[in-house]
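Q: can you look at this prediction? I've put the sequence above it.
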Amino acid sequence: MGILADFQRIGSGQGMSHFVRRICMLLTVACALSLGACASTEQMANTSAVGDVNDPFEPFNRKMFAINKAIDDVAIRPVAKGYRKLPQFAQTGIYNFLRNLREPVTITNDILQWEWKRALKSFGRFGINSTVGLAGFIDQTTPVGLEYHKEDFGQTLAVWGVPEGNYGYLPIFGPAPTRDGLAYFVDLFFDPLIWIGGADLEALFWTNTVLGGLDTRARNFELLDELEGSSVDFYASVRSLYRQTRERDIANGVQDFSDLPDFDEFDEFDEDF
């Protein structure tokens, strides 16, 4: 059953464990997303806290950052290292598959931002790659000019004029300014896999979530190590990089963010969830 049915059953006193299991599943990979998506090049490695503002909960945030870092060191990083041993064609196929699954979320947010051309592009990508591209494992659209882009509800709120709010760093979830943290849960309800029932689709939802975090961490393996090794303050570097990357995403590449690396998979809090 889908999450809508879970809510109905919870209302009648049943199905709580099933619903909680789904939510907990989302948390299992968020740590990988929060660290893996914050990789950088040498140019960004020395980012400092100078100029960073609106982090009133910094002592708490730093503690949560340390906890997430410990989880990554003990569990996620070793698994990601093993994942990288897969043949390159397999990693590329998984990457394409995950991006294709997230296209409905991007299409919805494109429409909410009144970006009709971008929505049509994403719709075309989703239709072609889901069929000719064998469920998205083969990207048939980028070579013909339908390049991938991502949108989330945090970007939509920013386009609507909603400010970032206080910067936060939550256990498991990672960087979570007020706007982006709340928007993350809205995006869950834009995902059709949440609402469509059936055991097969629920398994697909789990696969998408777990592999999304793992693939993100694996793709940023060396870059994250470089950022950590080069930064005087790793926490401040991640905070600054997160904000700058979000500004680039919100601007849809209009502004000059050429000094930033290409973060296609900021999941979650910047994709491919």
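A: On my side now, so go ahead.
Q: where in the protein is the helix or strand with the lowest mean pLDDT?
A: Ranking every helix and strand in the chain by mean pLDDT, DSSP states H and E puts helix 42-45 at the bottom, with a mean of 33.
Q: and the next element down the chain from that helix?
A: helix 58-71 (DSSP states H and E).
Q: low-scoring stretches of the stretch 1-150 of the chain, by residue?
A: Along the stretch 1-150 of the chain, segments meeting pLDDT under 70 span 1-53.
Q: please identify the buried residues of the lengthiest helix in the chain?
A: Taking DSSP state H as the criterion, the chain has its longest helix at helix 199-219. Judged by neighbour count (16 or more other CB atoms under 10 Å), helix 199-219 contains these buried residues: 202, 205-206, 208-209, 211-219. For glycine as for every other residue, the C-beta is placed from the backbone atoms N, C-alpha and C.
Q: what's the answer for stretch 130-150, then?
A: Neighbour-count burial for stretch 130-150 flags 133, 136-137, 139-141, 146, 148-150 (criterion: 16+ other CB under 10 Å).
Q: other SSEs contacting the strand or helix carrying Ile94?
A: For Ile94, the element it lies in under DSSP H and E is helix 88-101. For helix 88-101, the packing partners by 3 or more CB pairs under 8 Å, 6 or more residues apart in numbering; DSSP states H and E come out as helix 116-131, helix 199-219.
Q: format the ones you listed as CSV; extra columns: distance to Ala183.
A: Shown next, in CSV, are the helices and strands packed on helix 88-101 (distance: least, CB to CB, whole Å):
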stretch, distance to Ala183
helix 116-131, 18
helix 199-219, 17
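Q: to Arg102, which of those helices lies closest?
A: Smallest distance to Arg102 across the helices and strands packed on helix 88-101 (CB to CB): 8.0 Å, for helix 199-219.
Q: angle of that closest one against helix 88-101?
A: Angle of helix 199-219 versus helix 88-101, following axes from the mean of the first three to the mean of the last three CA atoms, to 10 degrees, is 120 degrees.
Q: looks to me like Trp114 is in a helix.
A: No. Counting by DSSP: H, G, I helix; E, B strand; the rest coil, Trp114 is not part of a helix but coil.
Q: now Met64: how far from Ser231?
A: Distance, Met64 to Ser231, using CB to CB, to the nearest Å: 18 Å.
Q: okay, and which of the buried residues of stretch 130-150 map to helices?
A: Nothing among the buried residues of stretch 130-150 maps onto helices, per DSSP H.
Q: now those in TSV, with distance to Thr92?
A: Shown next, in TSV, are the buried residues of stretch 130-150 (distance: CB to CB, whole Å):
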residue	distance to Thr92
Gly133	12
Gly136	12
Phe137	9
Asp139	8
Gln140	13
Thr141	15
Leu146	17
Tyr148	13
His149	19
Lys150	18
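Q: right, I'll call it a day here.
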